[in-house]
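Asks: Everything below, folded, please.
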Amino acid sequence: MKFLYSDTQDYVDPGYDFINDVNSPGRRRYWDDMYAHELMTPSPYDGLLVSMSAVRRATGMDNSKVKYTTAEEQRLLRDGVRKFLRYAGPRFTDAMVLGDCGAFAYVNSRTPAYLPQEAVEFYSEAGFTHGVSPDHIIFDCLTDNPPASAVAPGVAERFDITLANAEEFLRLTKAESYPFEPLGAVQGWSPASMAEAAVRLEKMGYRYLAIGGLVPLKVDVIKQVLEALRDAIKPETNIHLLGFAKADTIGQFINFGITSFDSTSPLIRAFKDAKANYYMESPKGGLDYYAAIRIPHAIENPRLMQGIKRGIFNAEDLQKREQNALSALRKFDSGGGKLLRTLDAIIDYQQFLTLGHGLPIEKHEMELNKMRALVERTLDEAPWKRCRCPICSKAGVEVIIFRSSNRNKRRGFHNLGVYHKHVQRTLENHL
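Replies: Now for the predicted structure:
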């Protein structure tokens, strides 16, 4: 089972100055920055996924999803996806580079943003190893398996569009002998309809299926979908799970014959989760999670800035508390500070983050107590000191500080590495 990371141009400045919070002198975005697979050996994933919607603007899609400039899109097509992502060379010879259309970006459109011909040309020109046919997301998954006539208007239409696109996509791929392996996209409103779609794709000639629409589904519903699929299709047909948001439960899906899946969850949770920001392998198996220590920039954090503008907070006072928190944590890391004193300095600054919520005093104190307990556990167990990955070995305590993209993404890179090992260990234990 291969774990793919979905690229959203996540890279960091390798020479970032954490003490002064500035980029390295003369740093050029992208050109001097490094991806996770450049900073870490072994690579923290088995392959990369790039969505067309992150690269190319199109009518009917949410352009906020586009991460690439026009110049970057042109360079990717000119140089190829591997060279652009610096994912070439002997280390990555066998690594999978999958392209899809990124259907979330045009979910509100009546039809997909890209035609099969456009997708085929994009995958071919950029040199992808695999490419998914253009699909149209169906979010409903009704486990009572109603017929098409009983579902909401437009749902069956999306089902038909996805299959028609897959048929044309495969025809074009075969006719021109394009050098990537095609994946037929599966969408449906129920386990039974998704199984029907999978069978029809097999009959078209697909040997690799990409299962979409899984992001909002609960674990037990995803299992029902996969059970229905596996009962209906050939054992040798490969399955890819698109945007598998339940990545932490991957051990529960080992028996479904999954060939590959992609997830951004380990990186995203580094800075978008309330308390599970830092991953560690658990001695008991599975994963342990720790809260990052939030010490944001006093005069850059939106919540704190709002308080300053409203006259609730004093900018100079906040900056002093911010520096006290950073100094106390770094001193603690070097062995010169006591845990409780460090905790007090951190919470003395963090209290303003909850005050910025405008909560009633009772709720403010409750939130602050929760925050204190999470930070105390992180300090007490100091997971960054136990980790030997290239990120933590070099960044040290800075990796656990929730502050600026260069720290937060490094923590995300660390999480990807821990998660990748977790997947490998899960597979080994299953053998």
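Asks: Which positions within stretch 246-256 qualify as buried?
Replies: Residues of stretch 246-256 classed as buried: 246, 247, 248, 250, 253, 256 (neighbour count, 16 or more other Cβ atoms under 10 Å). Where C-beta positions appear, they are placed from N, C-alpha and C, glycine not excepted.
Asks: Tell me which two of the residues you listed sit farthest apart.
Replies: For the buried residues of stretch 246-256, with distances taken as Cβ to Cβ, the pair at the greatest spread is 248 and 256 (16.5 Å).
Asks: which one of the buried residues of stretch 246-256 is nearest residue 304?
Replies: Nearest member of the buried residues of stretch 246-256 to residue 304, counting by Cβ to Cβ, is residue 248, at 31.5 Å.
Asks: mind listing what residue 241 touches?
Replies: Counting by Cβ atoms under 8 Å, 6 or more residues apart in numbering, residue 241 makes contact with 211, 214, 253, 258, 260, 261, 262.
Asks: Tell me how far it lies from residue 293.
Replies: Going from residue 241 to residue 293 by Cβ to Cβ, to the nearest Å gives 33 Å.
Asks: can you check residue 22 too?
Replies: Separation of residue 22 from residue 293 (Cβ to Cβ): 21 Å.
Asks: quick one, which of these two is more surrounded?
Replies: Comparing residue 22 with residue 293 by other Cβ atoms under 10 Å, the one with more neighbours is residue 293, at 24 against 12.
Asks: what about the helices in the stretch 51-200 of the chain?
Replies: In the stretch 51-200 of the chain, the segments counted as helices under DSSP state H, counting those that start in this stretch are 52-55, 70-79, 81-84, 116-126, 155-175, 191-204.
Asks: Next: the stretch 251-400 of the chain.
Replies: 265-272, 302-309, 315-333, 339-355, 361-381, 383-386, 390-395.
Asks: Contacts for the fourth one, please.
Replies: Meaning helix 339-355. Residues outside helix 339-355 that contact it (Cβ under 8 Å, 6+ apart) are 293-296, 301, 303-304, 307, 312-313, 318, 321-322, 324-325, 327-329, 331-332, 364, 367-368, 371-372, 375-376, 379-380.
Asks: try it again with 6 Å
Replies: Residues from elsewhere that reach helix 339-355, judged by Cβ atoms under 6 Å, 6 or more residues apart in numbering: 294, 321-322, 324-325, 328-329, 332, 364, 367-368, 371-372, 375-376, 379.
Asks: min pLDDT across those residues, which one?
Replies: In terms of pLDDT, the weakest of the contacts of helix 339-355 is residue 364, which scores 87.
Asks: Contacts only, for it.
Replies: By Cβ under 6 Å, 6+ apart, the contact list for residue 364 reads residue 354.
Asks: gap between it and residue 312?
Replies: 13 Å.
Asks: coming back round to it: show me how to select, in PyMOL, the buried members of the contacts of residue 241.
Replies: Provided next is the PyMOL selection string for whichever of the contacts of residue 241 are buried by 16+ other Cβ under 10 Å:
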select buried, resi 211+214+253+258+260+261+262
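Asks: Dump the contacts of residue 241 to TSV, plus distance to residue 188 and pLDDT.
Replies: Below are those laid out as TSV (distance: Cβ to Cβ, whole Å; pLDDT from 0 to 100):
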residue	distance to residue 188	pLDDT
211	9	98
214	11	93
253	18	94
258	18	97
260	20	97
261	18	97
262	19	96
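Asks: so how many other residues sit close to the closest residue in space to residue 289 that isn't next to it in sequence?
Replies: In this structure, residue 289 finds its nearest non-sequential neighbour in residue 276, 3.6 Å apart by Cβ to Cβ, 6 or more residues apart in numbering. Residues near residue 276, counting by other Cβ under 10 Å, number 17.
Asks: Phi first, then psi, for residue 276.
Replies: The phi/psi pair for residue 276 (degrees, to the nearest 10) reads phi -110, psi 70.
Asks: Check what pLDDT it gets.
Replies: In this model, residue 276 is scored at 97, pLDDT.
Asks: Wait, it touches residue 291, no?
Replies: No - the pair residue 276 / residue 291 is not scored as a contact, 7.4 Å apart, by Cβ atoms under 6 Å.
Asks: what sits in contact with each of those two?
Replies: Contact criterion Cβ under 6 Å, 6+ apart; residues shared by residue 276 and residue 291: none found.
Asks: Residue 226: what's it in contact with?
Replies: residue 256.
Asks: Against residue 372, how distant is it?
Replies: 42 Å.
Asks: same question, residue 153
Replies: Separation of residue 153 from residue 372 (Cβ to Cβ): 51 Å.
Asks: same question, residue 354
Replies: Going from residue 354 to residue 372 by Cβ to Cβ gives 11 Å.
Asks: between the two, which one's more packed in?
Replies: For residue 354 versus residue 372, neighbours defined as other Cβ under 10 Å are more numerous around residue 354 (19 against 16).
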